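A.B. asks: the sequence isn't on hand, but the structure is:
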């Protein structure tokens, strides 16, 4: 790891100021991706702004069906939240399936979303739940937030403070984890509100997380695993790597969509 | 340079290190507690698992300076008054190790699992709970047996104490 300068922020304002004052700074909370990346010298921020001690970034609040999750809430906390589980068990289950127990004890929802790894679990949930990403300066709809591999709408020095969404009537998530890394080789998050269905796919798209109109149309007509059968998944824009070809991933999209819907029945 | 203060196995310790020093290196090199191992150095194998404020973490995935102010338990902190912790005893009794390299991380993970689940642990939960710990010798079978046996033992001990 290259040398870096550590700063511990105690408020959002202080963290943003530290990031603005130090050109190549990065925010760190759980650090479960960033520290590993720095160890490989694939990232070399001049400064690290530690957010673990910023109280405003913590806590899960559920009000009726409105959910707000602080950016520095860990995957383990999301998985263990009885309040969240009561209105949106799919998101709690998703968090409980990220990485391994040690990663879940440190890694945070804000970090996962800000990194926008094409195989991360959370981006698919944000997109399918039509979530709002709250930052220190504005609110961004999930559909505008994720902009391709490791790319988001965040500006320099802008920091995610929370995510918000209305819990849908039904939601489910299923992934085919890479057996070594536990990242999604394909993960599908499905959500239904009235007749409106949103289906978001992670781990498969060559350009990161995406919605699938064909699946949405089929499932809005018939919310059942069988409804997925007739949908064709075009492998053209899917990832192909040593783990799986794009054709294989196209099939996984279907299978995971079926499982995600089945988990809600 | 950073000044790091930790409570390690109940004792307050301080030391200077570079900002980039990983917690595992601070524990091994500054504190001389070499029971915490570096296996893969890519945050995957779990040989470096310690408890930070009561939760299992990979000490190679966090900087020492990030951990400053927290309470750390390492494998050296488990045995009390010369008596092995029930999880350590169960690993010995069930032959839950061969070369022993992954064992400190396995034991720390097992203690965390039992703390969180008590004796409601099942084989399935144990296997899922060990996903972040890699063992290249045992095939996991006796490790799982050891964790379940320790969970039962600790549950019985808790009941007896109540």
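C.D. replies: Happy to help now that I have it. Nothing here was measured: the structure is a model prediction, and the numbers come from that model.
A.B. asks: residues contacting residue 153?
C.D. replies: Went with chain A since none was named. A:133, A:140, A:144, A:145, A:147 (CB atoms under 8 Å, 6 or more residues apart in numbering or on different chains). Heads up, the C-betas are built off the backbone N, CA and C, glycines and all.
A.B. asks: right idea, wrong chain: chain B
C.D. replies: Neighbour list for residue B:153: B:86, B:89, B:90 [criterion: CB under 8 Å, 6+ apart].
A.B. asks: same list (these) but as a markdown table, adding secondary structure, distance to chain A and neighbour count.
C.D. replies: Below are the contacts of residue B:153 laid out as a markdown table (DSSP: H, G, I helix; E, B strand; the rest coil; distance: CB to the nearest CB, whole Å; neighbours: other CB atoms under 10 Å in any protein chain shown):
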| residue | secondary structure | distance to chain A | neighbour count |
| --- | --- | --- | --- |
| B:86 | helix | 20 | 20 |
| B:89 | helix | 22 | 16 |
| B:90 | helix | 19 | 26 |
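A.B. asks: let me have those residues in a markdown table, extended by pLDDT.
C.D. replies: Below are the contacts of residue B:153 laid out as a markdown table (pLDDT from 0 to 100):
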| residue | pLDDT |
| --- | --- |
| B:86 | 97 |
| B:89 | 98 |
| B:90 | 98 |
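A.B. asks: follow-up on the earlier one: hmm, which of the contacts of residue A:153 are the buried ones?
C.D. replies: Among these, those classed as buried by 16 or more other CB atoms under 10 Å in any protein chain shown are A:133, A:140, A:145.
A.B. asks: of all the residues you listed, which comes closest to chain B?
C.D. replies: The closest of the buried ones among the contacts of residue A:153 to chain B turns out to be residue A:133 (CB to the nearest CB; 24.5 Å).
A.B. asks: how would you label the closest residue to chain A within chain B: helix, strand or coil?
C.D. replies: The nearest approach of chain B to chain A comes at residue B:132, 2.7 Å away (CB to the nearest CB). Under DSSP: H, G, I helix; E, B strand; the rest coil, the three-state class of residue B:132 is coil.
A.B. asks: isn't it up against residue B:58?
C.D. replies: Yes. Look at residue B:132 against residue B:58 with CB atoms under 8 Å: they come within range, at 7.2 Å.
A.B. asks: now the common contact residues for the two.
C.D. replies: Shared contacts of residue B:132 and residue B:58 (CB under 8 Å, 6+ apart): A:102, A:103, B:46, B:49.
A.B. asks: how about those, which pair is most distant?
C.D. replies: Across the shared contacts of residue B:132 and residue B:58, the longest distance by CB to CB is 11.1 Å; it joins A:103 and B:49.
A.B. asks: okay, and the common contacts of these two?
C.D. replies: With CB under 8 Å, 6+ apart as the test, residue A:103 and residue B:49 both reach B:58, B:132.
A.B. asks: looking at these two, which is more packed in?
C.D. replies: Remark: of residue A:103 and residue B:49, residue B:49 carries more neighbours, 33 against 24, as counted by other CB atoms under 10 Å in any protein chain shown.
A.B. asks: could the shared contacts of residue B:132 and residue B:58 go into TSV alongside pLDDT?
C.D. replies: Shown next, in TSV, are those (pLDDT from 0 to 100):
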residue	pLDDT
A:102	98
A:103	97
B:46	97
B:49	98
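A.B. asks: what about residue A:150, how many neighbours?
C.D. replies: Residue A:150, neighbours per other CB under 10 Å, totals 12.
A.B. asks: just the one 4 residues further on next, same as before
C.D. replies: As a burial measure, residue A:154 scores 17 neighbours (other CB under 10 Å).
A.B. asks: what helix or strand is the closest residue to it other than its chain neighbours on?
C.D. replies: Closest residue to residue A:154 apart from its sequence neighbours, by CB to CB, 6 or more residues apart in numbering or on different chains: residue A:114 at 6.3 Å. Assigned by DSSP states H and E, residue A:114 falls within helix A:109-115.
A.B. asks: can you list contacts of that helix?
C.D. replies: By CB under 8 Å, 6+ apart, the surrounding residues in contact with helix A:109-115 are A:27-34, A:51, A:57, A:69-75, A:78, A:95, A:98, A:120-123, A:126, A:133, A:145, A:150, A:152, A:154, A:160-163.
A.B. asks: same question, stretch B:108-117
C.D. replies: Residues external to stretch B:108-117 that are found in contact with it (CB under 8 Å, 6+ apart): A:101-102, B:46, B:49-51, B:54-56, B:73-75, B:78, B:85, B:87, B:91, B:121, B:125-126, B:129-130, B:132-133, B:143, B:146-147, B:150-151, B:154.
A.B. asks: sec struct for residue A:140, please.
C.D. replies: Secondary structure of residue A:140, per three-state DSSP, is strand.
A.B. asks: tell me which residues of the lengthiest helix in chain B come out buried.
C.D. replies: In chain B, with assignment by DSSP state H, the single longest helix is helix B:141-161. Within helix B:141-161, the residues scored as buried using 16+ other CB under 10 Å are B:142, B:143, B:144, B:145, B:146, B:147, B:148, B:149, B:150, B:151, B:153, B:154.
A.B. asks: what of stretch A:23-37?
C.D. replies: Result for stretch A:23-37 [16+ other CB under 10 Å]: buried residues A:25-37.
A.B. asks: I'd say residue A:142 and residue A:134 touch.
C.D. replies: No. Residue A:142 lies out of contact with residue A:134 (CB under 8 Å); the separation is 11.3 Å.
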